[in-house]
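Novice: Sequence first, then the predicted structure, then my questions.
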Amino acid sequence: MMERVLLIRYGEISLKGRNRRQFESKLEENIGNAISVLVEDAGKRVSKSHGRFYVTGLQSERLEKECLEVLSCVPGIVAISPGVAVESELDAIKQAAIYAVELAKRDLNPPATFKVDTRRADKGFPLKSPEVNQEVGAAILRNVPGLTVDVHNPSIHLNVEIRPGRTYIYRGQVQGPGGLPVGTSGRGVLLLSGGIDSPVAGYLAMKRGVAVDALHFWSYPITGVRARDKVVDLCKALRKYSPDLRLLVAPFTRIQTEIMDKCPEKYRVIIMRRMMMRVASMICRDQGGLAIFTGDNLGQVASQTLESLRAIERVSEYPVLRPLLCFDKVETVRLAQQIGTYDISILPYEDCCSVFVPKHPVTKPRLDAAEKAETLLDVDELARECAMNIEVFDLG
Ligand code: ATP
Ligand code: MG
């Protein structure tokens, strides 16, 4: 019996022993989660063998396409190939190959060419790989009109993988993000603004296996509802990569107002960032997190010089990690477009910082000056109050 299957390859060959097992079981779980929005009993459709995962039982071609798309966003997956599985028996293999080629041909402009590439992992199979190539190739030529063989540069590359009892016939591949399954690197808090950078930083953290809680500081009504909605939309976009992503919105108005009223203008932004770090540290501790992620990029603005970064992260209890620190803007933009956050990020909105940034911020803040500048605030009390009033957002 012929069955539709998605063959999933994963990487990180450097993983060994216990790490590898943890990687695999997490990836299996995440694959099941990802397709659970499309199919029932998702977990039961995922199986592992020979260093790959297989998703089976997809009744229609449309469902297969949808699953393929969803899975291409799951960190840890390197590539996915659509195909069919049959019993390891030559006639069944031929039938399946014809079917697979017909499907592939539909998506191509004529004239289409093909090549059969057999791997005989089951050495007990009566025909050798080149013989299977020939037999299957001849059957395709006989049954699918308008096709010729091209072994060097075929438009359809058909892989036939013969295993004991079961043969997989698949065509082409779709790239996944690679990286590590979300959850294998622990939790982290992402400082998410409405800009271009921080969503990309969040994506990179997730791609490296971090389960992310996005934290947005919202200064309503200094910044409007639209600013918050934008962050909600960004999180929805990022959920493709990690369906468990959560959004926490922290009320920041009081802190911002107090800084405006009481602190020297030049140090406003640094103090504001230090307040964000204090709150983020509390959230990180609450959620069992291990690090804080930001979209900082070295030298981009006054608050992102090395002097500023040092003065800011001083108050964090956790490592402050900045995946984009050394990116050029074009690289970040390209990645933002690729992951689907760019179009949301460039929508106009009012950043809590844009209404707040002084004309001449310090680019080389001194740590002692920053510390002195905030002595007029009760920083611990303000941070605690902010953290206590955080709202967890339902992303639907
Ligand atoms: P982005 O595009 O991510 O906004 P940016 O280059 O505009 O980055 P800044 O606005 O200076 O940089 O912010 C630096 C980092 O501080 C952001 O990448 C983000 O991680 C964090 N951040 C800034 N504003 C907020 C906010 N309102 N809530 C949460 N985090 C924020
Ligand atoms: Mg910004």
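Specialist: Good, I have the coordinates. Keep in mind it's a predicted model, so treat the numbers as computed, not measured. Residues are numbered from 1 along each chain as shown. Ligands and ions are numbered 1, 2, ... in the order given.
Novice: going forward, measure contacts between C-alpha atoms and count neighbours the same way
Specialist: OK.
Novice: For the stretch 1-150 of the chain, which segments count as helices?
Specialist: Assigned by DSSP state H, counting those that start in this stretch, the stretch 1-150 of the chain shows helices spanning 17-35, 42-45, 61-71, 90-106, 129-143.
Novice: Which among the ones you listed is found nearest to Pro181?
Specialist: Closest to Pro181 of these, according to C-alpha to C-alpha: helix 17-35, at 5.3 Å.
Novice: Need the contact partners of the closest one.
Specialist: Helix 17-35 is contacted from outside by 42-43, 45-47, 53, 67, 70-71, 74, 76, 180-184, 243, using C-alpha atoms under 8 Å, 6 or more residues apart in numbering.
Novice: Please pick the buried ones from those residues.
Specialist: When these are checked for burial by 16 or more other C-alpha atoms under 10 Å, the buried set is 42-43, 45-46, 53, 67, 70-71, 74, 76, 180-184, 243.
Novice: what's the closest of the residues you listed to Pro164?
Specialist: Among the buried ones among the contacts of helix 17-35, Phe53 lies closest to Pro164 (C-alpha to C-alpha), at 16.7 Å.
Novice: Please name the bridge partners of the closest residue to that closest one other than its chain neighbours.
Specialist: Using C-alpha to C-alpha, 6 or more residues apart in numbering and skipping the chain neighbours, the partner closest in space to Phe53 is Ile8 (5.0 Å). Legend: beta-bridge partners of Ile8 under DSSP bridges are Phe53, Ile80.
Novice: what sits against Ile8?
Specialist: Each residue near Ile8 by C-alpha under 8 Å, 6+ apart is listed here: 52-55, 77-81.
Novice: same deal with Pro164?
Specialist: 88, 121-122, 124-125.
Novice: Pick the one among these closest to ligand 1.
Specialist: Ligand 1 lies nearest to Ala121 out of the contacts of Pro164, by C-alpha to the nearest ligand atom, at 48.7 Å.
Novice: Tell me how many other residues crowd the closest one.
Specialist: Residues contacting Ala121 under the criterion other C-alpha atoms under 10 Å number 13.
Novice: just to revisit the earlier point, out of the contacts of Pro164, which end up buried?
Specialist: Using 16+ other C-alpha under 10 Å as the burial test, those include 88, 122, 125 as buried.
Novice: min pLDDT across those, which one?
Specialist: Lowest pLDDT of the buried ones among the contacts of Pro164: Asp122, 92.
Novice: Any figure for the gap between it and Ile162?
Specialist: Distance, Asp122 to Ile162, using C-alpha to C-alpha, to the nearest Å: 6 Å.
Novice: quick one, phi/psi of the residue sitting nearest the centre point of the chain?
Specialist: Compute the mean C-alpha point of the chain, and by C-alpha atoms, centre = their mean the closest residue is Tyr241, 3.5 Å away. When read as degrees, to the nearest 10, the backbone of Tyr241 gives phi -90, psi -20.
Novice: Got the confidence number for the residue nearest to Phe53?
Specialist: At Ile8, the model reports a pLDDT of 97.
Novice: Output the below-cut-off pLDDT ranges for the stretch 1-150 of the chain.
Specialist: Counting by pLDDT under 70, the stretch 1-150 of the chain shows low-confidence ranges at 13-14.
Novice: Now for Ile156, how many residues are close by?
Specialist: For Ile156, the count of nearby residues is 21 (other C-alpha under 10 Å).
Novice: Name the residues linked to it by a beta bridge.
Specialist: Note on Ile156: beta-bridge partners by DSSP bridges are Phe114.
Novice: That one: what's it in contact with?
Specialist: For Ile156, the contact set (C-alpha under 8 Å, 6+ apart) comprises 101, 104-105, 112-115, 171-172.
Novice: Now that we have the buried ones among the contacts of Pro164, can you turn them into CSV and tack on distance to ligand 1?
Specialist: Shown next, in CSV, are those (distance: C-alpha to the nearest ligand atom, whole Å):
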residue, distance to ligand 1
Ser88, 53
Asp122, 52
Phe125, 56
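Novice: re earlier: could the helices of the stretch 1-150 of the chain be laid out in TSV, adding distance to ligand 1?
Specialist: Putting the helices of the stretch 1-150 of the chain into TSV (distance: least, C-alpha to the nearest ligand atom, whole Å) gives the following:
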stretch	distance to ligand 1
helix 17-35	26
helix 42-45	35
helix 61-71	25
helix 90-106	41
helix 129-143	52
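Novice: re the thing from before, filter the contacts of Ile156 down to the buried ones, PyMOL style.
Specialist: Restricted to buried positions by 16+ other C-alpha under 10 Å, the PyMOL selection for these reads:
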select buried, resi 101+104+105+112+113+114+115+171
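Novice: which of the contacts of Ile156 lies closest to Val232?
Specialist: Gly172 (35.4 Å).
Novice: I'd guessed that closest one sits against Ala79; true?
Specialist: No: with contact defined as C-alpha atoms under 8 Å, Gly172 and Ala79 do not form a contacting pair (9.7 Å).
Novice: gap between Arg334 and Tyr342?
Specialist: Distance of Arg334 to Tyr342, computed by C-alpha to C-alpha: 9 Å.
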